[in-house]
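[1] here are the coordinates; sequence isn't available:
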């Protein structure tokens, strides 16, 4: 159980690192005339992602969810794969990546890396992680609640992002 707590803490630390990178990149984008879209849903997204990590801990500890290797090990592989995909997205977008929807006018649309396969590969990573991280240690309620709420959020977020990116070449 303590290894799972450490994993959740490691993911939380990773999120803090992402926010540091995001804030640096946000300043870079704004200095180049970047325009933010969909700022109203951003606090909901942050709350939902914090809720995922907290839900993983609370459900596993309070409801004594066991680690079942037949489910846990494949879920761990998916969690690792999601992190690899997320960081591949971050490195592919470079300074244009941040956790908000910011578009620099006249910037070329990124079509390399995982973006040549999916329009929104980072959201694939988020969906996989939102299912796999809780299920890794049997937190099926957290996986279900996050997945449903995240689907609603992503519907809004992807719509905003698609509209914002429509003007890029």
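    In hand now; what should we look at? The structure displayed is predicted, hence computed values, not measured ones.
[2] and the spatially most central residue of the chain, what element?
    The centroid of the chain falls nearest to residue 126 when counting by CA atoms, centre = their mean (4.0 Å). Element membership of residue 126 [criterion: DSSP states H and E] is helix 121-135.
[3] what is the mean pLDDT for the helix or strand following that helix?
    Using DSSP H and E, the next helix or strand after helix 121-135 towards the C-terminus is helix 140-165. Averaged over helix 140-165, pLDDT sits at 97.
[4] Report all helices and strands that helix 140-165 contacts.
    If you count contacts as 3 or more CB pairs under 8 Å, 6 or more residues apart in numbering; DSSP states H and E, helix 140-165 packs onto strand 35-37, helix 42-62, strand 101-103, helix 121-135. Backbone N, C-alpha and C define where each C-beta goes, glycine included.
[5] Name the residues that touch the first one?
    Yep, that's strand 35-37 we're talking about. 100, 101, 102, 103, 104, 105, 160, 161, 163, 164 (CB atoms under 8 Å, 6 or more residues apart in numbering).
[6] Over to the second one?
    By CB under 8 Å, 6+ apart, the residues outside helix 42-62 that reach it are 1, 4-5, 8, 11-12, 15, 65, 99-100, 130, 133-134, 137-139, 141-142, 145-146, 149-150, 153, 157.
[7] Only the buried residues of that helix, if you could.
    Residues 45, 48, 49, 51, 52, 53, 55, 56, 57, 59, 60 are the ones in helix 42-62 that count as buried (16 or more other CB atoms under 10 Å).
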